[in-house]
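Undergrad: sequence? don't have it. structure:
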């Protein structure tokens, strides 16, 4: 009973809105780039809800429609982009007519469902060079003053995610070579989560490398919820000065999960709305707003400074 009551509190007690009203239709404000992100997106064409009409499943068109008319610098799909197995034919039938409308500006990260096809072959074939090198799937790039890093949390497919693994060594080298004032990293499986899958120490090495380099924001999916954490250190302890702010945005359309166990540093949690996270990337700060698909009024917004 206690957990259910706390879940209701987390869902309904949003922070005061601080982003300008113009964000009802987000645009690039004052020349600063705006990006959109969500994961866990497109239903398998065989899903009974594929044709629409059920608000609780297969809402990939509704979430992608939210981005129409926005002047976005990039779209960041956070893994599990095409259910159930990431086959290329399914990408073309389900993902492509919806989120694929933004393919030209998409910089994806792979999820576990992409690896339902051996080597995530459908994923790499669909996105091409934008997905990074096949067999790795991790890469980095710059948008405005920000350095962005896409990681592959399917550890068994890339030689591990722990200290000393090829990906962790690459991450540390990339951070050293790109000492930007503002850094954002994203991958599929969250390090911390109050949702169904819960917190996972498999990704502790990612978090530590990013924390030591002064990174600012981490985006994840996997749990089909929206959750925001206060800035925290690699142990999940509050660290308002140097901590990383983590968002889980597994609300791209496939389905929604519930609360498992509230994590100590979680600020807000919702399992009631599909939608996307919009981030405005200023030279030394950022603003965020969660935009829900039609039929739901949940939102979350705020701003933070880069380290």
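TA: Yep, it's here. Because the structure is predicted, anything quoted here is derived from the model rather than measured.

Undergrad: is it fair to say residue 211 lies in a strand?
TA: No. Counting by DSSP: H, G, I helix; E, B strand; the rest coil, residue 211 falls outside a strand, being helix.

Undergrad: which residue sits closest to it in space, ignoring its chain neighbours?
TA: Distance criterion Cβ to Cβ, 6 or more residues apart in numbering; nearest residue to residue 211, sequence neighbours excluded, is residue 234 at 5.2 Å. For every residue, glycine as well, the C-beta is placed using N, CA and C.

Undergrad: Strands of the protein, residue ranges please.
TA: 34-38, 74-77, 139-143, 146-150, 182-186, 217-220, 226-229, 245-249, 266-270, 275-281, 285-292, 300-305 (DSSP state E).

Undergrad: can you put the ones you listed in a markdown table and add distance to residue 163 and mean pLDDT?
TA: Shown next, in a markdown table, are those (distance: least, Cβ to Cβ, whole Å; pLDDT from 0 to 100):
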| stretch | distance to residue 163 | mean pLDDT |
| --- | --- | --- |
| strand 34-38 | 27 | 98 |
| strand 74-77 | 26 | 98 |
| strand 139-143 | 20 | 98 |
| strand 146-150 | 17 | 98 |
| strand 182-186 | 17 | 98 |
| strand 217-220 | 18 | 98 |
| strand 226-229 | 23 | 98 |
| strand 245-249 | 20 | 98 |
| strand 266-270 | 26 | 97 |
| strand 275-281 | 29 | 98 |
| strand 285-292 | 29 | 98 |
| strand 300-305 | 28 | 98 |
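
Undergrad: Output the below-cut-off pLDDT ranges for the chain.
TA: For the chain, applying pLDDT under 70 flags the ranges 1-30.

Undergrad: List the contacts of the closest residue to residue 43 other than its chain neighbours.
TA: Here the nearest residue to residue 43 in space, its sequence neighbours aside, is residue 58; by Cβ to Cβ, 6+ apart that works out to 4.0 Å. Listed by Cβ atoms under 8 Å, 6 or more residues apart in numbering, the contact partners of residue 58 are 43, 47, 49-52, 253-254.

Undergrad: again, only using 7 Å
TA: 43, 47, 49-50, 52, 253 (Cβ atoms under 7 Å, 6 or more residues apart in numbering).

Undergrad: From residue 75, how far out is it?
TA: According to Cβ to Cβ, to the nearest Å, residue 58 and residue 75 sit 19 Å apart.

Undergrad: what's the answer for residue 241, then?
TA: To residue 75, residue 241 is 31 Å away according to Cβ to Cβ.

Undergrad: returning to what we had before: does the residue nearest to residue 211 touch residue 203 like I think?
TA: No. Assessed by Cβ atoms under 7 Å, residue 234 is found out of contact with residue 203, at 10.1 Å.

Undergrad: neighbour-wise, which of the two wins?
TA: The residue with more neighbours, out of residue 234 and residue 203, is residue 203; 22 against 19, by other Cβ atoms under 10 Å.
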